[in-house]
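S.K.: take a look and give me a structure for this.
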Amino acid sequence: MNIKIVGRKVNLRENFKELVQRKLSKFDRIFDEDADATVTVTLEKNRQTVEIMIKQRGMLYRAEATAPEMNEALDDVVAALGNQIRRNKKRLERAQKMQPVELPDTYYDTPDEEDEPEIAKRKTFYVKVMTVEEAILQMEMLGHTFFMYRDGDTGEIDVVYKRRDGKYGVLEPEG
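M.R.: Numbering: from 1, shown residues only. Now for the predicted structure:
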């Protein structure tokens, strides 16, 4: 796994970078060598936020944790990512078309008994061509936290969403 470590508003020490390498090496048996992991550490006031995002074959795995200490946040985010992978183990195996991966139960928390997600509702609707600003306005008028639309410039289907910090984000297809 290729690991990139980024510090925002903080200088990262070498021993922390080595700790990140060691903690993420536990996922080497799950992800291929071509998987890309980005670890972002952000300092805000007296809180440290660690975010880990792993990309492999079009699949994206992300977890984030905030704590007063950087190492504590790292432990929390690695555990959260491990739990996420554990819960989605069967879907992960099917998506990656790989041999079943045996993960030790002692490393992760016990997942809920959930094999397949239950789809409660399915909707179809016309995807209108509009700008990002129009999509945000439409989303706000509907009182939703996300909205799907066709971008007028690219012709691609994008999703605009409201972030926890009150700002907006746009999801665009890659490639």
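
S.K.: can you name the element that comes right after the helix or strand where A65 lies?
M.R.: Using DSSP states H and E, A65 sits in strand 59-67. Downstream of strand 59-67, the next assigned helix or strand under DSSP H and E is helix 70-87.

S.K.: what comes up buried for the helix or strand hosting V160?
M.R.: Per DSSP H and E, V160 falls inside strand 157-162. For strand 157-162, the neighbour count (16 or more other C-beta atoms under 10 Å) marks 158, 160-162 as buried. Quick note: C-beta positions are derived from backbone N, CA and C, even for glycine.

S.K.: what sits up against the strand holding A65?
M.R.: 47-55, 73-74, 76-77, 80-81, 84-85, 92, 95-96 (C-beta atoms under 8 Å, 6 or more residues apart in numbering).

S.K.: quick check: can you name the pairing partners of that strand and their directions?
M.R.: strand 47-56 (antiparallel) (DSSP bridges).

S.K.: and the angle from the strand it pairs with to helix 70-87?
M.R.: With axes from the mean of the first three to the mean of the last three C-alpha atoms, to 10 degrees as the basis, strand 47-56 and helix 70-87 are set at 40 degrees to each other.

S.K.: which of the contacts of strand 59-67 are buried?
M.R.: 48-55, 73-74, 76-77, 80-81, 84-85, 92, 96.

S.K.: beta partners of the most centrally placed residue in the chain?
M.R.: For the chain, the residue nearest the mean C-alpha position is R62 (2.2 Å; C-alpha atoms, centre = their mean). Beta-bridge partners for R62, by DSSP bridges, are M53.

S.K.: would you agree Q56 is in contact with A35?
M.R.: Yes. With contact defined as C-beta atoms under 8 Å, Q56 reaches A35; the gap is 3.9 Å.

S.K.: and the contacts of stretch 30-50?
M.R.: So stretch 30-50 is contacted by 1-10, 12, 16, 20, 24, 51-57, 64-70, 72-74, 76-77, 85, 92, 101, 103 (C-beta under 8 Å, 6+ apart).
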